[in-house]
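J.: Fold the following.
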Amino acid sequence: MPEPFTCPHCGGHDYVITLTGCNITGATVQEAFEWNEEEKDYDSSGSIIVESEGVENEGGEAICANCEKDVSDAVSAYEDKIVGGAAQA
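T.: Coordinates of the predicted model:
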C-alpha cells in the first residue's frame, strides 16, 4: 500500500477534488437531507456520485482539506507516482 498524499504546504493528508464540466454515464447519485430545526426546512450538502461507468471532465482542482490551498499539481504528481508504482509491482 502506498504512502498517503502529503500536502506540501501543511503536511496534511486529506484533499478534495472538484471537477468541472462533467459528463457522467451510468451514475448512481446519492443526496442526503438533514432537517434544520431553525429554518424549519431540509438542508442538503449536495450530491455524491456513488458509482459510475465513466466520467469525462473539462478540468478541475484539488484543495487541501486542512489548509485549503491549491494542491492540484502535488496531487497529480502523487497519482502519477502511485500509477507508476503499481505498474512496476
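J.: Point out the other helices and strands that the strand ranked longest in the chain packs with.
T.: The longest strand of the chain (DSSP state E) is strand 41-51. Using 3 or more Cβ pairs under 8 Å, 6 or more residues apart in numbering; DSSP states H and E, the elements in contact with strand 41-51 are strand 28-36. Every residue, glycine included, has its C-beta placed from N, CA and C.
J.: the inter-axis angle of the strand it packs on versus strand 41-51?
T.: 160 degrees (axes from the mean of the first three to the mean of the last three Cα atoms, to 10 degrees).
J.: if I pick Ala62, what's in contact with it?
T.: Applying Cβ atoms under 8 Å, 6 or more residues apart in numbering to Ala62 gives the contacts Tyr15, Val16, Ile17, Thr18, Asp70, Val71, Ser72, Ala74, Val75, Ser76.
J.: In the sheet, which residues pair with the second one? Tell me.
T.: In this structure, Val16 has the following beta-bridge partners (DSSP bridges): Ile63.
J.: unless I'm mixing things up, it is touching Ile63, no?
T.: Yes: Val16 is within contact range of Ile63, at 5.2 Å (criterion: Cβ atoms under 8 Å).
J.: The two - which one has more neighbours?
T.: When Val16 and Ile63 are compared for neighbours, Ile63 comes out ahead with 17 against 11, by other Cβ atoms under 10 Å.
J.: any idea how far the more buried one lies from Ile82?
T.: As defined by Cβ to Cβ, to the nearest Å, Ile63 lies at a distance of 19 Å from Ile82.
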